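[1] Below is the sequence, then the predicted model.
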2 protein chains.
Amino acid sequence: MNNQHIMRTFDEELRFLTNQIGSMGGYAERMVEQAVAALVGADLGLARKVVEDDVFLDEKEREIGEKAVIIIARRQPMAADLREIVGAIRISGDLERIGDLGKNIAKRAVAITEARQPTRLFRGLSALSDLALTQLKEVLDAYASRSAEKIGFVRDRDEEIDAMYTSLFRELLAYMMEDPRNITACTHLIFCAKNIERIGDHATNIAETVHHIITGTQLPSERPKEDSSHRVVAPSGDGSKD
Amino acid sequence: MNNQHIMRTFDEELRFLTNQIGSMGGYAERMVEQAVAALVGADLGLARKVVEDDVFLDEKEREIGEKAVIIIARRQPMAADLREIVGAIRISGDLERIGDLGKNIAKRAVAITEARQPTRLFRGLSALSDLALTQLKEVLDAYASRSAEKIGFVRDRDEEIDAMYTSLFRELLAYMMEDPRNITACTHLIFCAKNIERIGDHATNIAETVHHIITGTQLPSERPKEDSSHRVVAPSGDGSKD
């Protein structure tokens, strides 16, 4: 009976970690959404809010890490349970980084708003962020439902994000060359785009962790981890893919 | 005697983690040094080597993480020992990220070499990377010698790196405005500079972890975690600080 009691408490502890991750995930999504909305809509109040919100994810990550280590030391879990706990530490790290990236976008919204530019500059960024947010929502769903099937599409989508980012990088370079007055805003926008591309990478990290939690195996590697914008030498001028 | 045997083995395990971190640290330093040398010297062979080297740090981080979890589960360490082990996980994560950032600089060396530009564009970057590497060497020394005193200077130096990065950001924007043919190279150089600034942040993370390992307390927060380049609206043209 004592043993059963311990088992129930252990389950509760695991459920606690899962719930905390769920709450971090929803929070990170909202931060990124609002950061991009603040940027596109030149809403500096919203940008400020996002910057302030970030502390929540920092604290949650620390909490989850401490809790997880205590559980490991006290319960000495094996196999699936250990994967759950170590997985929670990893995912909370990725979500905390996503929050940082959202905060950085919100901070840049201020500089970009002051150097106001035509709206066509923002179009690509919105599309890129929609794709990354869809990605993030789906991996969080896959985590909540422990569904390995939902993970399949995530990698293909990550390649799509990388390709879209590289194309946007090229497009923004072209705007700079077209008119030097675009340079400041476009440089900040390239950083925002890079941040979103990295949010996609973190979503892919989470997908890999979820896969490992569920199956106990690693997804086969050979994953294309980086965009190819570092190879861009001269913009084509029309923002098309290579 | 059996008990003593276990204790000796536990010490050996901790020493193993410390040695692994030391070897990761030396490797990460060299990668960053070589990536910047490849960039400044247009040495594409060296750039390719750095890109290939990165896999070593990825593997080491995974190894240390797995080893650490096994030790925690088996030994149920408390207080200082637990801090040592969790600290090793954190530091290996920072070193792995430093390797990624070095790899990204090496990749950009190719694009920058093709869009060859005057050497004055590189001067600021070399100085920034010297400062970040000094920072990294010192925190690794502080870790190896478990010296809390050596950590004091690290934060001040991080502020210096942030200020130098913001000034370099401004300078590179000015070069772009001066001549559109500089735009592609300068955009890549801004990313390289940002990577180096983030290497400085990771060194500061490591300093905080080392402080926690040694003292069991957190360094007081209010740490300036971000550069202020996101606020730059229009370049001053001379690359001076604000």
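    Noted; the coordinates are in hand. Numbering: from 1, shown residues only, chains lettered A, B, ... in the order given.
[2] I figured A:Gly22 hits A:Leu140, correct?
    Yes. The criterion here is CB atoms under 8 Å, and A:Gly22 meets it with A:Leu140 at 7.2 Å. Yep, even glycine has a C-beta here, placed from its N, CA and C like the rest.
[3] what about these two, which has more around it?
    A:Leu140 (22 against 13; other CB atoms under 10 Å in any protein chain shown).
[4] Could you measure from that one over to B:Gln117?
    With the distance defined as CB to CB, to the nearest Å, A:Leu140 ends up 43 Å from B:Gln117.
[5] what does A:Asp53 give?
    Where B:Gln117 is concerned, A:Asp53 sits at a distance of 40 Å (CB to CB).
[6] Could you list the residues of chain A in contact with chain B?
    A:65, A:69, A:72-74, A:76-78, A:82, A:86, A:93, A:104, A:107-108, A:110-111, A:114-115, A:173, A:176-177, A:180, A:183-184, A:187-188, A:190-191, A:194, A:226, A:230-235 (CB under 8 Å from any CB of the partner chain).
[7] ok, the closest residue to A:Val32 other than its chain neighbours - how many residues close by?
    Once flanking residues are discounted, A:Val32 sits nearest to A:Gly102: 4.3 Å by CB to CB, 6 or more residues apart in numbering or on different chains. A:Gly102 has 30 neighbouring residues, counting by other CB under 10 Å.
[8] can you give me the mean pLDDT across stretch A:28-42?
    For stretch A:28-42, the mean pLDDT works out to 95.
[9] Contacts only, for the nearest residue to A:Leu14 once chain neighbours are set aside.
    If the residues on either side of it in the chain are set aside, A:Leu14 comes closest to A:Glu84, at 5.6 Å by CB to CB, 6+ apart. When contacts are counted by CB atoms under 8 Å, 6 or more residues apart in numbering or on different chains, A:Glu84 is found next to A:14, A:17-18, A:77, A:213.
[10] got the contact list for A:His202?
    A:94-95, A:97-98, A:101, A:136.
[11] same thing but at 7 Å, please
    A:94, A:97-98 (CB atoms under 7 Å, 6 or more residues apart in numbering or on different chains).
[12] Likewise for A:Ile105?
    So A:Ile105 contacts A:35-36, A:39, A:192, A:195 (CB under 7 Å, 6+ apart).
[13] Scan the residues you listed and report the most crowded one.
    Counting by other CB under 10 Å, top hit in the contacts of A:Ile105: A:Ala35 with 31 neighbours.
[14] so how far is B:Arg157 from the residue nearest to the spatial centre of chain A?
    With distances taken as CA atoms, centre = their mean, A:Ile199 lies nearest the centre of chain A, 3.0 Å away. Using CB to CB, A:Ile199 is found at 30 Å from B:Arg157.
[15] Then A:Val55?
    Taking CB to CB, one finds A:Val55 at 25 Å from B:Arg157.
[16] Comparing those two, which residue is more hemmed in?
    B:Arg157 (19 against 12).
[17] what helix or strand does the more buried one sit in?
    helix B:152-178 (DSSP states H and E).
[18] mean confidence for that helix?
    Helix B:152-178 carries an average pLDDT of 89.
[19] List the buried residues in the helix or strand just after that helix.
    Using DSSP H and E, the helix or strand that directly follows helix B:152-178 along the chain is helix B:183-215. Using 16 or more other CB atoms under 10 Å in any protein chain shown as the test for burial, helix B:183-215 gives B:183-214.
[20] Please apply the same query to stretch A:23-34.
    Per 16+ other CB under 10 Å, stretch A:23-34 contains these buried residues: A:24-25, A:27-29, A:31-34.
[21] quick check, the helix holding B:Arg157 touching chain A?
    Yes. Interface with chain A: helix B:152-178 contributes B:173, B:176-177 (CB under 7 Å from any CB of the partner chain).
[22] That helix vs helix A:152-178, what angle?
    Put simply, helix B:152-178 runs at 60 degrees to helix A:152-178, going by axes from the mean of the first three to the mean of the last three CA atoms, to 10 degrees.
[23] for whatever helix or strand the residue nearest to A:Val32 lives in, the distance to its chain's centre please.
    Assigned by DSSP H and E, A:Gly102 belongs to helix A:79-114. Centroid displacement of helix A:79-114 relative to its chain, using CA atoms, centre = their mean, to the nearest Å, is 6 Å.
[24] Mean confidence (pLDDT) on it, please.
    Mean predicted confidence for helix A:79-114 is 92.
[25] got it, and stretch A:121-137?
    Mean predicted lDDT for stretch A:121-137 stands at 93.
[26] tell me which residues of it are tucked away?
    By neighbour count with 16+ other CB under 10 Å, stretch A:121-137 contains the buried residues A:121-122, A:124-125, A:128-129, A:131-133, A:135-136.
[27] Please enumerate residues in contact with it?
    A:29, A:32-33, A:36, A:40, A:154, A:157-158, A:160-161, A:164-165, A:168, A:171, A:175, A:185-186, A:189, A:192-193, A:196, A:199-200, A:203.
[28] quick one on the thing from earlier: in terms of secondary structure, what does the helix holding B:Arg157 contact?
    helix A:183-215, helix B:120-145, helix B:183-215 (3 or more CB pairs under 7 Å, 6 or more residues apart in numbering or on different chains; DSSP states H and E).
[29] right, and those - which one's nearest B:Thr9?
    helix B:183-215 (20.7 Å; CB to CB).
[30] Off-centre distance for the closest one?
    Relative to the centre of its chain, helix B:183-215 is centred 5 Å away, using CA atoms, centre = their mean.
[31] just stretch A:64-75 next, same as before
    Using CA atoms, centre = their mean, the offset of stretch A:64-75 from its chain centre is 25 Å.
[32] Give the rounded mean pLDDT of that stretch.
    The average pLDDT for stretch A:64-75 rounds to 88.
[33] If you count neighbours, what's buried in that stretch?
    Of the residues in stretch A:64-75, A:64-65, A:67-69, A:71-73, A:75 count as buried by neighbour count, 16+ other CB under 10 Å.
[34] Dump that stretch to PDB, keeping only the CA atoms.
    C-alpha atoms of stretch A:64-75 as PDB (Å, rounded to 0.1, in the frame of the first residue of the first chain):
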ATOM      1  CA  ILE A  64      11.200  22.500 -14.100                       C
ATOM      2  CA  GLY A  65      15.000  21.800 -14.100                       C
ATOM      3  CA  GLU A  66      15.100  21.800 -10.300                       C
ATOM      4  CA  LYS A  67      12.000  19.700  -9.900                       C
ATOM      5  CA  ALA A  68      13.300  17.200 -12.500                       C
ATOM      6  CA  VAL A  69      16.600  16.800 -10.800                       C
ATOM      7  CA  ILE A  70      15.000  16.200  -7.500                       C
ATOM      8  CA  ILE A  71      12.700  13.600  -9.000                       C
ATOM      9  CA  ILE A  72      15.600  11.700 -10.700                       C
ATOM     10  CA  ALA A  73      17.700  11.700  -7.500                       C
ATOM     11  CA  ARG A  74      14.800  10.500  -5.300                       C
ATOM     12  CA  ARG A  75      13.000   8.100  -7.600                       C
END
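[35] Check chain A for its longest helix and report it.
    helix A:2-40 (DSSP state H).
[36] which element follows that helix toward the C-terminus?
    helix A:44-75.
[37] is it true that A:Leu57 touches A:Arg97?
    No. Under the criterion of CB atoms under 7 Å, A:Leu57 makes no contact with A:Arg97, lying 9.0 Å away.
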